[in-house]
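prediction below, plus the sequence it came from.
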Amino acid sequence: MKEQFVADLNVKDDVDSFFLVKHIAVMEAKDGKNYLNVVLADATGDLEARKWHNAQDVADVIERGDYVRVTGKINHFQGRLQLIISNIGKIDHREVDKSDFTPKSTGSADLMMEELLKLVADLDDVYIRDLLQNILFDAEIARRLKSWYAGKSIHHAYESGLLEHVLSCTRLAAHLSSQYKVNRNYVVAGAVLHDLCKIYELSEGPLVDYTDEGKLIGHLIKATELVDHFASKIRGFPNSIKIQLKHIVVSHHGEIAYGSPKVPQTAEAYLVHLIDMMDSKMNSVAKAIASDRTPGRWTGMIRHLDCVLYKNELPTYTEYLPEKKVENAETPAAPVEKPQEEKKTKHEKKNAAALTYTMARMLEGLKDNQSDEEK
């Protein structure tokens, strides 16, 4: 039984546990010697590992997808945990519980599927509603959707992750359509269909890889085939609806550089693109923060987001902070403003008095010299 999980490991921990090999390759170091570059995994995350000796001997007997028992010590390298392997050996897959090595959505696949079908049933366009229900009730599509990963490593890369992503986008589609006054039927349909054909593009987990169909066709084009196939089973299905749904699907990556043969050219298509981008980015942020092992409030550099992330919860105040109490010491009285005259210096006061006396004498002299008529 597996006792040590990736999420619980810390620097300087001794390791003796089972892992799934997600990647293995012999590399050449700067000094010209070979070493083994390995990515080990379990249900809680991935762990980089190195073996500095006998690299080729190990690579000759262990390959991607094998279960192995590994001993070694945890090191810290460039902001990430790294296992320095002492010994690694292949074990029989019957010795392990595979659920220990498969990351899963926190939601129930059955409950998520039930909610998705309810959102589809609430649509008022009968053709779009019938199309989506026929697709989602298909036994093989439903089976795959409930368990498939949405990607290899970036967003919703865990069991039932694709269903979680589709449901989250569909919730947003139902809510935001009224906010932006667009046709809810098409936005919900786009949310359901945009990534659905990853069930053909990607292989089943936990070792997810691109299938031949995924590499040669891709989930965007495959979705247009899906629309054509199931629409043909509905009598009188309007071609105008098919065109709009296909456009939403093939443009949902938003830019030609990101794999869309067309950019969004309707409000509904643009909203589906934004919803898909928002949900995938927010899931990536949440997973990056949850899996980061860097000490402190900030993550290490997240390559696919091209940034570091603040990990602590933001402060929330449900009540006002208490005001600081003023000390009881008596506050000195404010100085009383003196009249402008009192601000004069002694010299200025002496000069003013002399000027007053002189003017008084001059007035007396003028009065003595005045004639009676002038007086």
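Good, I have the coordinates.

what is the end-to-end distance of stretch 117-126?
14 Å (C-alpha to C-alpha, to the nearest Å).

distance between it and the chain's centre?
From the chain centre to the centre of stretch 117-126 is a distance of 29 Å (C-alpha atoms, centre = their mean, to the nearest Å).

equivalent analysis for stretch 9-16, please.
That offset, for stretch 9-16, works out to 28 Å (C-alpha atoms, centre = their mean).

cool, and stretch 130-150?
26 Å.

and it, what's its mean pLDDT?
For stretch 130-150, mean pLDDT is 97.

do the same with stretch 93-105
Rounded mean pLDDT across stretch 93-105 is 90.

repeat for stretch 52-60
Rounded mean pLDDT across stretch 52-60 is 92.

buried residues in that stretch?
For stretch 52-60, burial by neighbour count (16 or more other C-beta atoms under 10 Å) applies to 55, 58-59. Yep, even glycine has a C-beta here, placed from its N, CA and C like the rest.

quick check, nearest of these to residue 98?
Checking the buried residues of stretch 52-60 against residue 98 by C-beta to C-beta gives residue 58 as the nearest, at 22.9 Å.

that closest one: what's it in contact with?
24, 36, 51, 88 (C-beta atoms under 8 Å, 6 or more residues apart in numbering).

if I pick the third one, what's in contact with it?
Looking back up the chat, that one is residue 51. Contacts for residue 51 (C-beta under 8 Å, 6+ apart) come out as 35-36, 38, 58, 84-85, 88.

can you redo these as a markdown table with distance to residue 302 and secondary structure?
Output for those, formatted as a markdown table (distance: C-beta to C-beta, whole Å; DSSP: H, G, I helix; E, B strand; the rest coil):
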| residue | distance to residue 302 | secondary structure |
| --- | --- | --- |
| 35 | 26 | strand |
| 36 | 26 | strand |
| 38 | 22 | strand |
| 58 | 31 | helix |
| 84 | 24 | strand |
| 85 | 26 | strand |
| 88 | 29 | strand |
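
the stretch 1-150 of the chain: helices as residue ranges?
Secondary structure of the stretch 1-150 of the chain by DSSP state H, counting those that start in this stretch: the helices cover 55-59, 109-121, 126-136, 139-147.

and these: which comes nearest residue 250?
helix 126-136 (16.7 Å).

now the closest one and helix 139-147, what's the angle there?
Angle, helix 126-136 to helix 139-147, by axes from the mean of the first three to the mean of the last three C-alpha atoms, to 10 degrees: 80 degrees.

run the angle between helix 126-136 and helix 109-121 for me.
160 degrees.

which strands and helices lie in contact with helix 126-136?
helix 109-121, helix 139-147, helix 184-193, helix 219-231, helix 239-250 (3 or more C-beta pairs under 8 Å, 6 or more residues apart in numbering; DSSP states H and E).

understood, closing this out.
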